[in-house]
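Asks: A predicted structure for the sequence below; I have some questions about it.
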Amino acid sequence: MAGQITAKVFRYDPDTDRAPYFKEYKVRADEEMSVLVLLDRIQKEIDPTLSFRAYCCGLQMCRSCLMKINGRKRFACVTLVSPGEEMVIEPVSYPDRHVRDLVVETDDEGAGK
Ligand code: FES
């Protein structure tokens, strides 16, 4: 049965936005999916300006998908969301190491700075 997932996503591009804000997306969903897949669908089908790290090891090893999901640090690649759910998605750290939207500088990128 078709449903939808509502995601309120943190948006902030320091080059163009005056301040951070949340943008609400309603995504048609027929079945459970990972938050990373949800973000990918938002970017491909609704809003190509959304930035997040799309690399997916799916094993909680690369840590590129670590973000705050409903206020808790979670891996988006293994956190599941079902039709009918609402969620808030934020960068894992803000303002520390924030780059744009859900993208934060990783440990490797911060080395030597
Ligand atoms: S994609 Fe690598 S930890 Fe989630």
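Replies: Received, thanks. Numbers count the residues shown, from 1 in each chain.

Asks: tell me which parts of this protein are close to the ligand?
Replies: Residues of the chain found near the ligand (C-beta under 6 Å from any ligand atom) are C56, C57, G58, Q60, M61, C62, R63, S64, C65, F75, C77. Where you see a C-beta, it was placed from the backbone N, CA and C, and this is true even at glycine.

Asks: return the subset of those residues lying in strands.
Replies: Using DSSP state E, the members of the residues of the chain next to the ligand that fall in strands are F75.

Asks: of the residues of the chain next to the ligand, select the buried ones using a ChimeraX command.
Replies: Buried members of the residues of the chain next to the ligand can be picked out in ChimeraX with the line below, counting by 16 or more other C-beta atoms under 10 Å:
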select :64,65,75,77
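
Asks: list the buried residues in the helix ranked longest in the chain.
Replies: Secondary structure of the chain read by DSSP state H shows that its longest helix is helix 35-41. Across helix 35-41, burial judged by 16+ other C-beta under 10 Å covers V35, L36, V37, L38, L39, D40, R41.

Asks: what's in contact with that helix?
Replies: Contacts to helix 35-41, defined as C-beta atoms under 8 Å, 6 or more residues apart in numbering, come from residues 5, 7, 9, 27, 29, 33, 50, 52, 54, 56, 65, 67, 69, 74, 76-77, 79-81, 87, 89, 102.

Asks: whatever helix or strand comes next after it pairs with which strands, and in what direction?
Replies: Downstream of helix 35-41, the next assigned helix or strand under DSSP states H and E is strand 66-69. The strands beside strand 66-69 in its sheet (DSSP bridges) come out as strand 72-75 (antiparallel), strand 86-91 (antiparallel).

Asks: winner for burial among these?
Replies: Mean neighbours per residue, mean count of other C-beta atoms under 10 Å, is largest over the strands paired with strand 66-69 for strand 86-91, with a mean of 19.

Asks: any idea how far the following helix or strand past that one is from the chain center?
Replies: Next along the chain after strand 86-91, taking DSSP H and E as the criterion, comes strand 98-100. Relative to its chain's centre, strand 98-100 lies at 12 Å (C-alpha atoms, centre = their mean, to the nearest Å).
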